[in-house]
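Trainee: Sequence and computational prediction follow.
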Amino acid sequence: MNLPAGGDRARYDRATAHLDAPLAIVDLAAFDANADDLARRAGGKPIRVASKSVRCRALLERVLARPGFAGIMSYTLAESIWLARSGFEDVLLAYPSADRAGFAELAGDPKLAGAVTVMIDDPAQLELIDGSRDGAGTHEIRVCLELDTALHLFGGRVRVGARRSPLRDPAALADLARTVRARPGFRVVGIMGYEGHVAGVGDSLAGRPLRSRAIRLMQATARKELAARRAEAVRAVRAVVPDLEFVNGGGTGSVQQTAAEDAVTEIAAGSGLYVPRLFDNYTSFRGRPAALFAQPVVRRPGVGVVTVLGGGYPASGAAGADRLPEPYLPQGLRYDPQEGAGEVQTPLLGSPADDLLIGDRVWFRHAKAGELCERFDALHLVEGDRVTATVPTYRGEGRTFL
């Protein structure tokens with residue numbers, strides 16, 4: 001667990017005293033330290049930065065300028081094209097797309113076609129791309145194949161992992177590689193497999209030792225099964241595509257384990273740069289919270305209660321308390337169970353409320369990383385006790401891709 005420090009609260013308050021809340025910050029010392037830790041855990045294999053977890057071009061540029069990082073993993077085709085036109089030269093789209101206009105633009109521009117790799121797991125996606133090409137859209141499309149990483153137990157009756165690609169067996173992946181190879185205008189350049197049930201699930205839940213033990217057992221089983229199956233899949237695809245450029249795997253929570261697989265050539269990670277609250281519960285690493293947002297105190301309804309403006313910023317995923325932002329600084333505040341995090345106001349309970357005045361700030365951590373940037377149009381970059389720069393988020397640049 002990342003424990004809050006009173007010194008950080010005072011520092012953040014001083015740094016942003018000239019700004020009105022609500023506002024969002026990134027602590028650059030924490031951001032850079034987290035980047036160093038990710039690179040160390042990757043053991044020399046390059047980290048492809050997951051843009052959905054950052055959603056700020058200035059910070060994507062900052063981390064990609066550091067040793068150990070290379071390339072972007074994007075989340076929509078429109079975003080991929082925008083990033084490529086902004087100068088990012090290696091963009092892997094992590095999800096299949098049905099953006100016909102985007103595919104026409106990609107196929108019609110040799111620079112874009114060389115910079116962006118698209119994801120497929122079904123021949124029907126090739127049909128959609130081909131149907132999107134206009135008369136000038138003849139440039140070869142770079143293609144990555146996605147392997148299903150889910151763990152199947154009890155003969156497949158129990159599935160653990162996200163429902164993503166239908167391509168589970170190495171032979172199925174190789175068959176799709178043959179289909180792509182036989183189709184003019186496409187080239188297989190990579191394989192991706194995201195083991196979210198390992199990389200995105202904490203294995204040390206506070207107050208839940210049995211649950212934590214069960215998660216660790218599941219993840220150990222999943223890593224062993226996937227490592228063998230992924231290696232076999234890579235061998236099968238390389239038999240069809242000997243010049244395969246990359247095999248991408250992992251995520252923030254599994255960097256060192258995935259990097260240990262010989263078949264994997266690069267790691268995907270992004271959340272570990274900001275370290276949102278869902279990444280507190282891991283035994284294998286400790287990050288530093290780098291991205292926070294502040295809401296102003298606007299009411300004092302009674303003893304042990306303050307109300308802040310806004311704050312109802314739930315994260316995606318199955319609804320639950322773990323998807324809510326965490327009141328972080330001052331330590332000891334909690335939500336009113338009758339109201340939770342509100343659309344336009346949020347009451348907070350706890351003895352620290354009695355020390356807060358109208359206009360003071362409560363600092364929060366978002367549950368997931370880049371989704372915070374959908375709420376704010378700027379990030380104030382803090383160094384020490386000063387804001388040294390203010391940079392736009394995707395939203396601040398007028399880009400809302402989903």
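Mentor: On my side now, so go ahead.

Trainee: wait, Phe279 sits on Val255?
Mentor: No: applying C-beta atoms under 8 Å, one finds Phe279 not in contact with Val255, separated by 11.7 Å. In this view, the C-beta of every residue, glycine as well, is placed from N, C-alpha and C.

Trainee: quick one, which of those two is more surrounded?
Mentor: Neighbours per residue (other C-beta atoms under 10 Å) separate Phe279 from Val255, with Val255 holding more: 27 against 24.

Trainee: Go ahead and measure how far stretch 47-59 is from the middle of the chain.
Mentor: Offset of stretch 47-59 from its chain centre (C-alpha atoms, centre = their mean, to the nearest Å): 8 Å.

Trainee: Point out where the stretch 1-150 of the chain drops to low pLDDT.
Mentor: Confidence mapping of the stretch 1-150 of the chain against pLDDT under 70 gives the ranges 1-6, 135-137.

Trainee: Report the buried residues of stretch 298-310.
Mentor: 298, 305-310 (16 or more other C-beta atoms under 10 Å).

Trainee: can you tell me which of those lies nearest to Leu128?
Mentor: Gly310 (39.9 Å; C-beta to C-beta).

Trainee: any idea how far the closest one lies from Thr346?
Mentor: In this structure, Gly310 and Thr346 are 7 Å apart, going by C-beta to C-beta, to the nearest Å.

Trainee: tell me, what's touching those two both at once?
Mentor: Counting by C-beta atoms under 8 Å, 6 or more residues apart in numbering, the shared contacts of Gly310 and Thr346 are Gln295.

Trainee: picking up where we left off before, next, show the common contact partners of Phe279 and Val255.
Mentor: With C-beta under 8 Å, 6+ apart as the test, Phe279 and Val255 both reach Gly272.

Trainee: Now do the strands in the stretch 201-350 of the chain.
Mentor: 246-249, 266-269, 291-302, 305-309, 326-329, 334-335, 345-349 (DSSP state E, counting those that start in this stretch).

Trainee: and Ile358, which of the ones you listed is closest to it?
Mentor: strand 291-302 (5.7 Å).

Trainee: tell me the angle that closest one makes with strand 345-349.
Mentor: Interaxial angle of strand 291-302 relative to strand 345-349 (axes from the mean of the first three to the mean of the last three C-alpha atoms, to 10 degrees): 80 degrees.

Trainee: Just checking: what are the partner strands of strand 291-302?
Mentor: Using DSSP bridges, the strands paired with strand 291-302 are strand 23-27 (antiparallel), strand 305-309 (antiparallel), strand 361-365 (antiparallel).

Trainee: That one - what's its average pLDDT?
Mentor: For strand 291-302, mean pLDDT rounds to 97.

Trainee: what's near enough to touch Thr117?
Mentor: Thr117 makes contact with 91-93, 142-144, 189-190 under the criterion C-beta under 8 Å, 6+ apart.
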